[in-house]
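Engineer: kindly return the folded structure for what I paste below:
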Amino acid sequence: MNLLNLFRKPAGLKEIKPAALLQKIDGAQKPVLIDVRTGMEYTAGHIQGARSFPLGKETVAVEGLNPDTPVVLICKTGHRSQAAAHSLAKMGFRDLSHLSGGMDRWKKDKLPLEK
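Structural biologist: Numbering: from 1, shown residues only. Model (predicted):
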């Protein structure tokens, strides 16, 4: 695969805005949240319930999950999450979203963080 393609939005990847994600997290059908930032970035503040699997390790996070499971990928700005989506799409995951604007947008919107 061309490296430039890793930073293009894969077909079928949805964007979810921070406020909409917060509603989903508080709702009945919670998505699996995978934070693909570095461990240091994750430790500095992350979304409640997000699993830390730095880019390149995201496939480990979904081992054993049904490919129809809703998965939301999270990074700093939205680029790494798109790259991670390519990996999961190749594994057959069909309900993939990524946080629009990443954690930068989440923090700008003053939404809750865990440390």
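
Engineer: what's the neighbour count on Tyr17?
Structural biologist: You called it Tyr, but residue 17 is Lys. Look at Lys17: counted by other Cβ atoms under 10 Å, it has 14 neighbours. In this view, the C-beta of every residue, glycine as well, is placed from N, C-alpha and C.

Engineer: so what's it closest to, chain neighbours aside?
Structural biologist: Taking Cβ to Cβ, 6 or more residues apart in numbering, and ignoring the residues beside it in sequence, Lys17 has Ser100 as its nearest neighbour in space, at 5.1 Å.

Engineer: got the contact list for the one you found?
Structural biologist: With contact set as Cβ atoms under 8 Å, 6 or more residues apart in numbering, Ser100 has these partners: Glu15, Ile16, Lys17, Pro18, Gly78.

Engineer: in PyMOL, how would I select just the buried ones from those residues?
Structural biologist: Here is the PyMOL command that selects the buried residues among those (16 or more other Cβ atoms under 10 Å):
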select buried, resi 16+18+78
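
Engineer: Gly39: which of the contacts of Ser100 is nearest?
Structural biologist: Taking Cβ to Cβ as the measure, Gly78 is the one of these closest to Gly39, at 19.4 Å.

Engineer: now do that closest one against Ala84, distance only.
Structural biologist: 11 Å (Cβ to Cβ, to the nearest Å).

Engineer: angles on the backbone of the residue nearest the centre of the chain, please.
Structural biologist: Closest to where the C-alpha atoms of the chain average out (Cα atoms, centre = their mean) is Leu73, at 0.9 Å. With angles defined as degrees, to the nearest 10, Leu73 sits at phi -100, psi 140.

Engineer: ok, now His79?
Structural biologist: phi -80, psi -50.

Engineer: tally of neighbours for it?
Structural biologist: His79 has 17 nearby residues by other Cβ under 10 Å.

Engineer: would you mind pulling the contact partners of stretch 50-58?
Structural biologist: 32-39, 42, 46, 60-61, 73-75, 80, 83-84, 87-88.
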